[in-house]
Structure formats: C-alpha cells, structure tokens
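Colleague: I need the structure of the sequence given here:
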Amino acid sequence: MPDLPPPPPAPSGVSSSAPAAPTVPPASSLPPAVKRRYDEISLMNAFERLISASKHFPRGVNPFFDISLVMTHGTESNWGEGSSSFTDKELRYAAAFDKLFAVAPELLDPIKQFYLEMAEKPEQWERLVTTMRQAATSARTSDTNGLKHKLLYFVPNPTKHVIYPPVSTHEKKTDRGLSHPMLRHFIIGYADRLKLPPLVFPTVNSPILQNISAGKYKLLYKPYPSFLYADDSYNPDVLDGGLLRGDAIPRFLRHIWLGPQYAILGAGKKISKTSNASLHNVKKVTPEMICYAVVQRLDTLCHGTRRYRGRMAAGASGLVPTAGFWWRN
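Modeller: Predicted structure coming up:
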C-alpha cells in the first residue's frame, strides 16, 4: 500500500490508523492485530477496503475520470438532491460511482453516513476524497512505471526474440516510440505498418521511415495501433478482424493483475495472494480492464493517448465497435 497522508476522519464503522475522530470506533472495537493474509479481503478494515477500491477505479472503471468528481456526483445522485439536473457528463460520473462501489458494496452504508454527517464539515469530506484520489493516482502511476520498460511484451516470442536496438531504462518516451525502428511497427496503424519494411529488415529505407526519422510523421489516433491485431489478420475492409487478438494484450493484463513475473507465461491455476486480481477479487477480464491496459501501455510510448478514450470498446467474446466507450460507461 503506498504511503498516503494521514487519512481523514472516517465514517462510522470505518477504522483508520489516523488519530481518532468522534466518528471513529474506539480502539477496543478494532480486531486484534494479526498477520495479514492478503488473499482474504474480509480481513481488511473498511478504510483499507476503500483505498483498495480507489486503486481499482482507474484499472477497472475509468482511468480518465477524476475520482473526486465521481464521488461528488455519485453521492449527490444517491443521497443528495438527485440527478435530474445533471449534465450528460455528470451522469457518467454518477454511473462511475456505482461501478466503483460494485467491488465493495459493503462500504456504501458507511460512506453514506459519513457523507451526511460531514454536510456541515465539508473539509473533512474533502480529506477523505483527496486520499482516495491519491490512491487511484498511485495505482495508475505504479502500473505505468511497471509497464514502461517491459518492451518484450510486444514481440511474438519473448523467450527467443529481442528488441533491437536495445532500449535503455534511461531513454525518453520518444526513444521508446516512433523513433525506435522496431517499436514503431507496434504503435502505428496497421495500414501504415504494411507500408513499412518487415521487421526482419528494419534498416530498409521507405518514405514512412524517412518521415519518422525527419520528425515529419504524425501519429494518427483514428487507426488502432497495430499491436491490437493478431499477426497477419489485418484486413482494411474488415477492420474488426483479428482486433484485440494481439499477443501483447494478455501480457499487459497479466502484468497488471497477476504481476510482472506472470506476464509472459501466465500463472497457471495458482494466482498470487498479493496480486491485484486477488486484492480486488477480480475473476474475469472486463472491457474496461482491456482499455486500461492498452492505454497504459501506449502512454509509455507516445503522447496524446487520451484521444483513444472515445474509441476503445470491447466485449467478452470480441470487439464491440461502439464509439464513445469511455464517455458512456
């Protein structure tokens, strides 16, 4: 768990290590200290569950929404004056609130009580929301830093293939993106990728390589990055064919949810008790998780990935090509 500032006074039923506030149960009501078993979510106290749910928010709900706005509009919708006057975007924030607490429904009553109690003390509520925002940011930053230099996830067989030229951990983002003779193939659209020399001949000249080298190539966000497709599956007339079947996507997901050590080969039937999948009680991959993993990976290679937020959409059995996925969910 990341270092966070002292948590705010907690709702009744929410225990915390911060100095006790009137709404915090007395120490005698807290469970005795035990050796933590991370596979049992039930052993977390309510404040720890709230922080865990906050970390889940960017990973499984929406990486682009500010969780403080989600809390503002979600509480207003559920326990305030309602959502009848909300704008479309405010309604999306309120819907994200419901998704956030779907992973920890037992927190709704304490959160409601604290929200109502703090109506006259908004600064106390703001402290709680600030802590949640920091936890969400910490989770996303941790995943970004963890994925940043895992470039072998892109190649078809990471146990045999290498990224060449090798990329130092000190390289800038631009050196891991379009300017790299191999990595550029994975992040441009497939139609442009087919105009490049095959990866086995990365030094053969081409107009696209010349434009990239001269800094004149503009990375477009309308075509999906080619790494989303299974190799040899791209068909410009059937853009959904092979989409979300690329080798890299499961590795990104396993890195985030199971741990870097399982990214390439998987974890088999045994999932680590300390993995995000165990901590968040995640049993299946959702469209939001796929979108998050893809955007996180792209964000370590190139700028402007927020432009993808209106285009990423996926279903359990394949792609659902619906525009505005992040806006509507």
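
Colleague: Who are the packing partners of the longest helix belonging to the chain?
Modeller: Assignment by DSSP state H gives helix 122-148 as the longest helix of the chain. With contacts taken as 3 or more C-beta pairs under 8 Å, 6 or more residues apart in numbering; DSSP states H and E, helix 122-148 sits against helix 46-60, helix 67-79, helix 108-117, helix 248-257, helix 287-299. (C-beta placed from N, C-alpha, C; glycine too.)

Colleague: same thing but 7 Å
Modeller: Contacts defined by 3 or more C-beta pairs under 7 Å, 6 or more residues apart in numbering; DSSP states H and E place helix 122-148 against helix 46-60, helix 67-79, helix 248-257, helix 287-299.

Colleague: Relative to Gly146, which of the ones you listed is closest?
Modeller: Closest approach to Gly146 among the helices and strands packed on helix 122-148 (C-beta to C-beta): helix 248-257, 6.5 Å.

Colleague: for the closest one, packing partners?
Modeller: On a contact count with 3+ C-beta pairs under 7 Å, 6+ apart, helix 248-257 meets helix 122-148, helix 276-279, helix 287-299.

Colleague: and the second one, how far from the chain's centre?
Modeller: It refers to helix 276-279. Distance of helix 276-279 from its chain centroid, counting by C-alpha atoms, centre = their mean, to the nearest Å, is 14 Å.

Colleague: For Trp79, see how far away the residue lying closest to Ile51 once chain neighbours are set aside is.
Modeller: Excluding its sequence neighbours, the residue lying closest to Ile51 (C-beta to C-beta, 6 or more residues apart in numbering) is Ala135, at 4.7 Å. Ala135 sits 22 Å away from Trp79, going by C-beta to C-beta, to the nearest Å.

Colleague: Among the two, which residue is more densely surrounded?
Modeller: Taking other C-beta atoms under 10 Å, Ala135 and Trp79 do not tie; Ala135 has more neighbours (23 against 15).

Colleague: From Leu50, how far off is that one?
Modeller: When distance is defined by C-beta to C-beta, Ala135 is 8 Å away from Leu50.

Colleague: Then Ala191?
Modeller: Counting by C-beta to C-beta, the separation of Ala191 from Leu50 is 46 Å.

Colleague: next one: Lys269
Modeller: Lys269 is 31 Å from Leu50, by C-beta to C-beta.

Colleague: more crowded one of those two?
Modeller: Taking other C-beta under 10 Å, Lys269 and Leu50 do not tie; Leu50 has more neighbours (26 against 5).
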